[in-house]
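Participant: sequence plus predicted model, see below.
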Amino acid sequence: MNAPMDHATLAESMPLEEINVSDPKIYQQDVWQHYFRRLRRDAPVHFCKDSPVGPFWSITRYKDIVSVEVNHKTFSSSSAFGGITLRDRPAELELPMFIAMDQPRHDEQRKIVQPIVSPANLAGFEGLIRSRIAATLDSLPRGEVFDWVDKVSIELTGQMLATLFDFPFEQRRKLTYWSDVATTDLANPDRLINSEEERETVFRECLGAFMQLWNERVNAKEPGGDLISMLAHGEATRNMNPREYLGNVILLIVGGNDTTRNSMSGSVWFFNQNPREYEKLRANPALLESAVPEIIRYQTPLAYMRRTALEDAEIGGQKIKKGDKLAMWYISGNRDEDAIDNPDEFIIDRARPRQHLSFGFGIHRCVGNRLGELQLKILWQEILKRDLKIEVMAQPKRVFSAFVHGITELPVRIAP
């Protein structure tokens, strides 16, 4: 699947068994839509026999993805069987984390951090988020080109993460770096690291910083309201071994960073590509209630999650064998014509905008989804309040990854 070529034609003419939607290049080139359209129509439960990540099944339709998500007795997300990404890592490099656990441990650990995004806490965060977004927008250059991803998306999500962890604020870019290292694909020509050993070296640095925070907080008589205090004092998490602690920290960093940051970047691109939708929003800012979930559906910040079959099963008429790995392609389910009207269109006043899979479904549904939505909503409220004309100056540069569906650079200019 190399460029330059007509991917629409290629996707239609290729033998089905040769289609490999785990190829990071099709996301970097933004041509993934054609391959999934073909699979949804001709092979909605598709077996890729040969790929750099080994053989795997692709679940591409909305209803089939939901059926796999809710059947967690048959389809495991446990790191003991390979976790949530298609690339199998050596057992000693697997990172246990609650998203990569089965019941009952998943719920026990998830409950510990859930209070950070309670309605009361979100209401408490709102003023802080708004003041930071206002300060960030007011500091942006006018009339000159800058990178929206760096100056806005990374900056704002880094600030929020530092607050959630009560992490040293001036070192917040470390959180972004650790998130990027955790998800970087070693096949990427522009990769941040060159080997799993290097990734482990960076992880040790991350663990060192977070062990220091743990040690400061574990003996506090009155536990703080930050994530590290919650983990240190939680019944199900206070006796974690260092590897499990690191796994949960990485999960919370990536969850809090990649998803919100890529929706913030994607939203600017989508409104630039769909000026009529932006005019609708300017005329009626109340449409943000439906625009925010539509942005998140259209971006789909994490393209898939993996499951491993614990027993023989059948999905969409296909026989799945015990031990087989499956990818639930949220990015495809979010474009499923049978589940969503005009799914390839960006429509900010959809009747049912929350009918999307970007946050997953069932017990593994993203714990911080409401916080991500809140940040995105306030960002656009403040942009509208200032009536900023954000002009995209070039095509976005995209992440080389089949897992993180994101934007690495977006050159923009704000009219003076």
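Facilitator: Yep, that arrived.
Participant: packing partners for the helix or strand of the chain with the lowest mean pLDDT?
Facilitator: Counting by mean pLDDT, DSSP states H and E, the chain has its least confident helix or strand at helix 105-113, which shows a mean of 84. Secondary-structure packing of helix 105-113 (3 or more CB pairs under 8 Å, 6 or more residues apart in numbering; DSSP states H and E): helix 227-233. Where you see a C-beta, it was placed from the backbone N, CA and C, and this is true even at glycine.
Participant: ok, and what's touching the helix it packs on?
Facilitator: Contacts with helix 227-233, where a contact means CB atoms under 8 Å, 6 or more residues apart in numbering, come from 112-113, 115-116, 164-166, 210, 213-214, 217-218, 220, 223, 237-238, 240, 245, 248, 252.
Participant: does residue 100 touch residue 79 like I think?
Facilitator: Yes. Residue 100 is within contact range of residue 79, at 4.1 Å (criterion: CB atoms under 8 Å).
Participant: in terms of neighbours, single out the busier of those two.
Facilitator: residue 100 (25 against 21; other CB atoms under 10 Å).
Participant: let's see the pLDDT reported for the closest residue to residue 253 other than its chain neighbours.
Facilitator: Among residues not flanking residue 253 along the chain, residue 179 sits closest, at 4.8 Å (CB to CB, 6 or more residues apart in numbering). pLDDT for residue 179: 94.
Participant: I'd like the average pLDDT over stretch 192-199.
Facilitator: pLDDT averaged over stretch 192-199 gives 95.
Participant: please identify the buried residues of that stretch?
Facilitator: Using 16 or more other CB atoms under 10 Å as the test for burial, stretch 192-199 gives 192, 193, 199.
Participant: between residue 100 and residue 79, which contacts overlap?
Facilitator: Residues touching both residue 100 and residue 79 by CB under 8 Å, 6+ apart: residue 247.
Participant: circling back to that earlier point, go through the contacts of helix 227-233 and flag which are in strands.
Facilitator: Judged by DSSP state E, strands contain none of the contacts of helix 227-233.
Participant: restricted to buried residues, select these in PyMOL.
Facilitator: To isolate the buried members of the contacts of helix 227-233 in PyMOL, using 16+ other CB under 10 Å:
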select buried, resi 112+113+116+164+165+166+210+213+214+217+237+240+245+248+252
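Participant: just the ones in helices from the contacts of helix 227-233, please.
Facilitator: Taking DSSP state H as the definition of helices, these contribute 112, 113, 164, 165, 210, 213, 214, 217, 218, 245, 248, 252.
Participant: in stretch 284-299, what's buried?
Facilitator: 287, 288, 290, 291, 292, 293, 294, 295, 296, 297, 298, 299.
Participant: equivalent analysis for stretch 172-184, please.
Facilitator: For stretch 172-184, by 16+ other CB under 10 Å, it's 172, 174, 175, 176, 177, 178, 179, 180, 181, 182, 183, 184.
Participant: what do you get for stretch 343-361?
Facilitator: In stretch 343-361, the ones that count as buried by 16+ other CB under 10 Å are 343, 346, 347, 348, 350, 353, 356, 357, 358, 359, 360, 361.
Participant: same question for stretch 231-242.
Facilitator: For stretch 231-242, a neighbour-count test (16+ other CB under 10 Å) marks 231, 232, 233, 234, 236, 237, 240 as buried.
Participant: my guess is the fourth one meets residue 115, correct?
Facilitator: Right, the one you point to is residue 234. No. Judged on CB under 8 Å, residue 234 makes no contact with residue 115 at a distance of 9.9 Å.
Participant: follow-up on the earlier one: now the ones in helices among the contacts of helix 227-233 as JSON lines including distance to residue 106?
Facilitator: Putting those into JSON lines (distance: CB to CB, whole Å) gives the following:
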{"residue": "112", "distance to residue 106": "11"}
{"residue": "113", "distance to residue 106": "12"}
{"residue": "164", "distance to residue 106": "20"}
{"residue": "165", "distance to residue 106": "21"}
{"residue": "210", "distance to residue 106": "21"}
{"residue": "213", "distance to residue 106": "24"}
{"residue": "214", "distance to residue 106": "22"}
{"residue": "217", "distance to residue 106": "24"}
{"residue": "218", "distance to residue 106": "23"}
{"residue": "245", "distance to residue 106": "16"}
{"residue": "248", "distance to residue 106": "12"}
{"residue": "252", "distance to residue 106": "15"}
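Participant: check residue 1 and give its pLDDT.
Facilitator: pLDDT, residue 1: 47.
Participant: what of residue 102?
Facilitator: 78.
Participant: which non-adjacent residue is nearest it?
Facilitator: Residue 102 sits nearest to residue 78 (CB to CB, 6+ apart), 4.9 Å away.
Participant: that neighbour against residue 101, yeah?
Facilitator: Yes. With contacts counted by CB under 8 Å, residue 78 reaches residue 101, the gap being 5.9 Å.
Participant: ok, residue 272 touching residue 391?
Facilitator: Yes. Using CB under 8 Å, residue 272 is in contact with residue 391, at 7.3 Å.
Participant: so between those two, which is more surrounded?
Facilitator: residue 272 (16 against 13).
Participant: tell me the contacts of the closest residue to that one other than its chain neighbours?
Facilitator: Closest residue to residue 272 apart from its sequence neighbours, by CB to CB, 6+ apart: residue 392 at 4.3 Å. Listed by CB under 8 Å, 6+ apart, the contact set of residue 392 reads 268, 269, 272, 410, 411, 412.
Participant: got it, and residue 412?
Facilitator: Residue 412 makes contact with 145, 146, 147, 148, 268, 390, 391, 392, 393, according to CB under 8 Å, 6+ apart.
Participant: quick one, helices of the stretch 151-300 of the chain?
Facilitator: 155-165, 173-183, 196-218, 227-233, 242-273, 275-283, 288-299 (DSSP state H, counting those that start in this stretch).
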